[in-house]
Structure formats: structure tokens, C-alpha cells
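>>> Here you go, sequence then predicted model.
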Amino acid sequence: MSVQDKMTSFFDKLAPTINKLGNNVYLRSISNTMMGTIGPLMVGSVAVLLLAFPIDAVKNAIAAIGLTPILAAVNSITIGGLALYVVFLMAKNLVGMLLPNEDGTLIGALALMSFLIITPLGALEGGGNAIPTQWLGASGVFSAFIVAIISAKIYEFFVKKHITIKMPDSVPSVVTKSFDSLLPAFAIGFVFIVIRLIFQSTSFGSMHQFIYSLIQTPLQGLGTSLPATLVFGTVAQLLWFFGIHGTNVINPLVQPLRLALDAENMAALAAGEALPHIIGNAFWSINTWGATTLGLIFLMLRSKSKQYREMGKIALVPGLLGITEPLVFGLPLVFNFSFFFPYIFNNVIIILLSYFLTAIGVIARCSGVQCIFGLPLGFHAMVGGHWTIVVWQLISQLVISPILWYPWFKMAEKKKVQEESEAEQLVA
Amino acid sequence: MKHIVLICAGGFSANIMGSLIRKTMVSHNFDGDLKAMSEWNFQSYKDPVDVILLGPQLSFMYEKMKEKYEGTGTKVGMIAMSDYGKMDAEHVFESILEMLNK
């Protein structure tokens, strides 16, 4: 068996696992939840960008009209309130998938209630209570996912087991029904009151602190480290090689971790502090843009092979917008062993270079503002918040990428041109 | 009037493909419409659908989708890789007709 056959049969064995991963209700709920937070995140991002505007005149003008404290407040309840949106959306999305006939909005509200039940209240100087923002942002995101899943599972249990209160027949059914719908609410509330009570008596003080120290911090350290990022980058491209939207399958596993880091960067930016992280979701998006295929498209446009030139023309405009499908399926790059190496590893090389250049200070750290997919090359990187990031995206895609593809392209082109001339001779 | 929905992961490539197929539909006087959207948007899509077409990058969802629509009259199909890559709207249109006639 050749290496190629071996790889293909290995993938066939792996396919059911990938299908399961891609269709897993929890992972899909996470993915939908992260997409659902885009609205508040974007509003918050604009507030941060205005707060930390690179031109002083603009910054001063914003301060002069009294906008600064308002923008800071908007930042605190959007990016700084990320966990609140996550807990609601996650519970709603998960119930929507676990129970196809339910829309999940009510359980979203219950999950939010539960999240706030386990959030210790603070006291204001001069009387009155306040919810501290400490756990509402990036630090509470994992807690939010867990609270949402517990709430949704309790609700599912009640619905699937048809747990209801037996009432005498004389009680009108309307009354019985409203009691039934309240049962899961009370059960969920009760569970989280107990959880709060338990954690209050431990040295952690709250479930948030417990999850943050024991789960979120280690996972974040592990999942967003440079080696892990390189591994995820390779796996995502391997899936693409087999024709599967690798980014979509991998994202729910790591995107929440990366987004939490971006949220911390944005919070630092808004506070005028140094940005703590190099790797985040924005860093990932900017560096894996288009999987470097634009470089290959440029090579193809000037190819000696007619077929390659045609393909290059079809792929160019989508390619400039970061849309790779025409090339991936048309050339194709899928199952094409001539381009296996660059297609799998170019992303990883770009990530490595970018990480190194950022670490030594040549490229600025990403602001944490999320990229909008579909913006043309260069514009896509502007949310990075610094011109060096934009220049890096241009250089990596327009200069480095064609170089990385070149040797493989030349080999494939030679074969293609030969095939084409043979075909012509046959026709003649 | 037949309703076709074309789904890809982010809705971007489906949109390019979709606008080409729509043109083909017009030139063949096909009585129907086609909407292109992301898989995420499709989850909350409630309008009637006669044919659901998946982009090849969503192949991992094909079996699940087929199961879900089994016996509902809605046909589920996958666009062939080369058709999708070369944006061969004519060929995809032919397969839509085939699915409708089955």
C-alpha cells in the first residue's frame, strides 16, 4: 500500500469520529454561542478602539465631550460582561438542540439567574449592593458554560421524565400546567443555591473562583500555548485536506479559550495598559487568513498550464476576500498529494514567524478586537489596531506565501503542462 | 414554485455559488428560488424547503441532515467537490432537477 492509500484508509477510519465531533450538540452549541456574542463584542470593540484611539487629537476630542466614561461603561458591560451573554445563549442553544420542540429562551433566563446566584454580591460604600464585574467578563466564561450546561440538563431531565406534581382533579388544568413549568425553575434555583452555599464555605469562596483556578486557567494555558496553537493549526488544515471545514470543527474546542484572551487584551487596551497576550482569536484569524492560498493563486495566474491559469482566474476574487473554496475544491487541494505539504504546514509556518516577530516587538500585539471575515486582505487585519499587523498580513500573504508554495507548484505545474501537451497531441 | 436552499459553513462561498445558480435558473425558466446561507442561519430557517444542498466542506453533516428530512419530502443533496470549486452552476442546476424528479 502506498503512503497515499494508507492515509486515505486512515482517514476513512477517522471519519466517523470527525462526523461525531462536527455534529456534537455541546460543541455546536458552544460554536453558536460564540457567534451569538459577536454583537455585544463588536459594540464593545468600537468603544475600546475609540478609548484607545491612536491619534491624540481624536482621543482628546472624545474626552472633551464627556464620552470617555460612557465608552468605558459600554466596554464593561459588553466585553466585560461576556459571561452574561454566554450563559444565556449557551443554555438557550443547548436546550434548542437537546429538545427540538423547545425554543430555550426561558431556560436561558434561568441559566442567567443561576449564574448570578453563584456570583457573590459586593457592597457599595455608603450602602446598597452591587454586582462586581470580576466574574462577568472573560474570567467567568467557563463558569458560564458550566452553569448553562447544568441548567439545560436539569431542564431536559424534567421534560423527558415528564416530572409533574399530582394534583386533585378538581384543580383546573391551567393551574397544574403553570406549576409544572415552574418545577424545573425551582429545581435549578435550588441546585445553584446549594452550590453557592458549598463553595462559600471553601477557601475558593465561589464556584467562579474554583472553575477559574482549576479548569479555565490550566486549559487556557494549555489550549492557547504556542505548541497547542501549532497543533490545532495543523489538525484544522489536515481536515481541510480531507475536504472538511476544519476551522469549523476545531473552533468550538479552542475559540472560547482564545476569545477570553482577546477580551483580556481589550480590557488592558481600554485601561491604557500593556497588552498581556500574543495569541488570541484575532491573532489566529489574521495569521491563518485564507490558509495562504492567495500566494498559490498568484502563481497559478502566471502559470504555463492553461488549466491552472483558468483556475487562478476563478479563484482570485474570492481569494482576495479570504474565501478559499474555489481553489480548495476546484484545483483541488483536497486529496491532492502534490500540494499536501504546503497546504498543511504553511499556516503553521506563518503562525510561528508571526509569534516570533511579535515576541521580539517587531509586530504589535493584537488589540483583541475580532476580525470580520470577508473583508479584503489587509483590511481584515486592521482590527489588530496597529499598522505593523496590517503590513505583516500583506507581507505574509503576498511575499512569504508565494515563496512557500513555489517549489511544490513548479513540480505540479511540470506534470500538468506535460499532461496538457499530451492531450493536445491526441486531439491533433 | 420550488424552494432551494444552499448551505455552506460561513455562507460566503455558498453566496458566490448561489448567485451563479440563480442566473442559470433564470436562463432555464425554472420556477423556483434559491437562498444561500450559512449552516448557522439555516438552523433558525423556518420557510418551506424542497431541496437542501450542502457545500462539500459540510460533508460531515450530510448523513445527519438526510436522516432528519427522511420522509418529509425535502431532498438533501451534496454538491460535488469539482462543481463547487469550479463554480459549475449549470451542472449543479442539473442535479437539482434530478433531485426534484426523484
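Perfect, I can see it now. Model, not experiment: these values are computed from the prediction.

>>> Would you map the strands across the chain?
By default, I'm working from chain A. Assigned by DSSP state E, the strands in chain A fall at A:122-123, A:129-130.

>>> that's the wrong chain, I meant chain B
Using DSSP E, strands in chain B cover B:2-8, B:32-38, B:51-54, B:75-78.

>>> Take those strands and write them to TSV, including distance to chain A.
The C-beta positions use only the backbone N, C-alpha and C, and glycine is treated the same way. As requested, the strands of chain B are exported to TSV (distance: least, Cβ to the nearest Cβ, whole Å):
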stretch	distance to chain A
strand B:2-8	7
strand B:32-38	9
strand B:51-54	11
strand B:75-78	11
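
>>> Closest residue of the stretch 201-350 of chain A to chain B?
Closest residue of the stretch 201-350 of chain A to chain B, Cβ to the nearest Cβ: A:G330 (2.5 Å).

>>> That residue: neighbour count?
21 (other Cβ atoms under 10 Å in any protein chain shown).

>>> who touches the worst-scoring helix or strand of chain A on mean pLDDT?
Least confident helix or strand of chain A, by mean pLDDT, DSSP states H and E, is helix A:3-23 with a mean of 79. Defining contact as Cβ atoms under 8 Å, 6 or more residues apart in numbering or on different chains, one finds that helix A:3-23 is touched by A:1, A:27, A:239, A:242, A:244, A:248-249, A:335, A:337, B:60-61, B:63-64.

>>> One more pass at 10 Å, please.
A:1-2, A:27-28, A:31, A:238-239, A:241-246, A:248-250, A:252-253, A:335, A:337, A:340, B:58-65 (Cβ atoms under 10 Å, 6 or more residues apart in numbering or on different chains).

>>> in chain B, which spans are helices?
B:12-27, B:39-43, B:62-69, B:81-85, B:89-101 (DSSP state H).

>>> Same list, those, but as JSON lines with mean neighbour count please.
Output for these, formatted as JSON lines (neighbours: other Cβ atoms under 10 Å in any protein chain shown):
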{"stretch": "helix B:12-27", "mean neighbour count": "19"}
{"stretch": "helix B:39-43", "mean neighbour count": "18"}
{"stretch": "helix B:62-69", "mean neighbour count": "14"}
{"stretch": "helix B:81-85", "mean neighbour count": "22"}
{"stretch": "helix B:89-101", "mean neighbour count": "16"}
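
>>> got the contact list for the closest residue to chain A within chain B?
Proximity of chain B to chain A (Cβ to the nearest Cβ) peaks at B:G85, 2.5 Å away. Neighbouring residues of B:G85 by Cβ under 10 Å, 6+ apart: A:311, A:314-315, A:324-334, B:13, B:17, B:56, B:79.

>>> 7 Å - rerun?
A:E325, A:P326, A:V328, A:F329, A:G330, A:L331, A:P332 (Cβ atoms under 7 Å, 6 or more residues apart in numbering or on different chains).

>>> Which pair of those spans the longest distance?
The span of the contacts of B:G85, defined through Cβ to Cβ, is set by A:E325 and A:L331 at 10.8 Å.

>>> and stretch A:103-115, which residues are buried?
Counting neighbours by 16 or more other Cβ atoms under 10 Å in any protein chain shown, one finds that the buried residues in stretch A:103-115 are A:G104, A:L106, A:I107, A:G108, A:L110, A:A111, A:L112, A:M113, A:S114, A:F115.

>>> interface residues of chain B facing chain A?
Within chain B, the residues that sit near chain A (Cβ under 7 Å from any Cβ of the partner chain) are B:9-10, B:12-13, B:16, B:40, B:56-61, B:63-64, B:81-82, B:84-87.

>>> and with 8 Å instead?
B:8-10, B:12-13, B:16, B:39-40, B:43, B:55-61, B:63-64, B:81-82, B:84-87 (Cβ under 8 Å from any Cβ of the partner chain).

>>> Now do the contacts for A:A144.
With the criterion set at Cβ under 8 Å, 6+ apart, A:A144 makes contact with A:A83, A:L84, A:V86, A:V87, A:M90, A:F115.

>>> thinking again about what came up before, among the contacts of B:G85, which are in helices?
Short answer: the contacts of B:G85 in helices (DSSP H) are A:E325, A:P326, A:V328, A:F329, A:G330.

>>> Pick the most buried one from the strands of chain A.
strand A:122-123 (a mean of 11; mean count of other Cβ atoms under 10 Å in any protein chain shown).

>>> So what are the sheet partners of it and their directions?
Sheet pairing for strand A:122-123, assigned by DSSP bridges, gives strand A:129-130 (antiparallel).

>>> Tally up the residues packed near the nearest residue to A:F179 once chain neighbours are set aside, please.
In this structure, A:F179 finds its nearest non-sequential neighbour in A:I165, 5.4 Å apart by Cβ to Cβ, 6 or more residues apart in numbering or on different chains. Counted by other Cβ under 10 Å, the residues lying close to A:I165 total 10.

>>> you'd agree A:I165 is up against A:K177?
No. Judged on Cβ atoms under 8 Å, A:I165 makes no contact with A:K177 at a distance of 10.6 Å.

>>> From the centroid of chain B, which residue is nearest?
The geometric centre of chain B, computed from its C-alpha atoms, lies nearest to B:L53 (Cα atoms, centre = their mean), at 2.6 Å.

>>> my guess is that residue meets B:L100, correct?
No. Using Cβ under 8 Å, B:L53 makes no contact with B:L100, being 11.7 Å away.

>>> How about the contacts made by the closest residue to A:Y212 other than its chain neighbours?
Nearest residue to A:Y212 in three dimensions, chain neighbours excluded: A:S139, at 5.4 Å (Cβ to Cβ, 6+ apart). Residues in contact with A:S139 (Cβ under 8 Å, 6+ apart) are A:A83, A:H208, A:Y212, A:Q216, A:A260.

>>> Of those, grab the buried ones for PyMOL.
In PyMOL, this line selects whichever of those come out buried by 16+ other Cβ under 10 Å:
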select buried, chain A and resi 83+208+212+216+260
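
>>> Now pLDDT too, for the contacts of A:S139, in JSON lines please.
What follows is the contacts of A:S139, written out as JSON lines (pLDDT from 0 to 100):
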{"residue": "A:A83", "pLDDT": "95"}
{"residue": "A:H208", "pLDDT": "93"}
{"residue": "A:Y212", "pLDDT": "92"}
{"residue": "A:Q216", "pLDDT": "91"}
{"residue": "A:A260", "pLDDT": "89"}
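
>>> Which two among the contacts of A:S139 are spaced furthest apart?
Going by Cβ to Cβ, the pair spanning the contacts of A:S139 furthest: A:H208 and A:A260, at 13.3 Å.

>>> In chain B, where is pLDDT below threshold?
Applying pLDDT under 70 to chain B flags no residue at all.

>>> could you redo the last one with a cut-off of 80?
Low-confidence segments of chain B, defined by pLDDT under 80: B:102.
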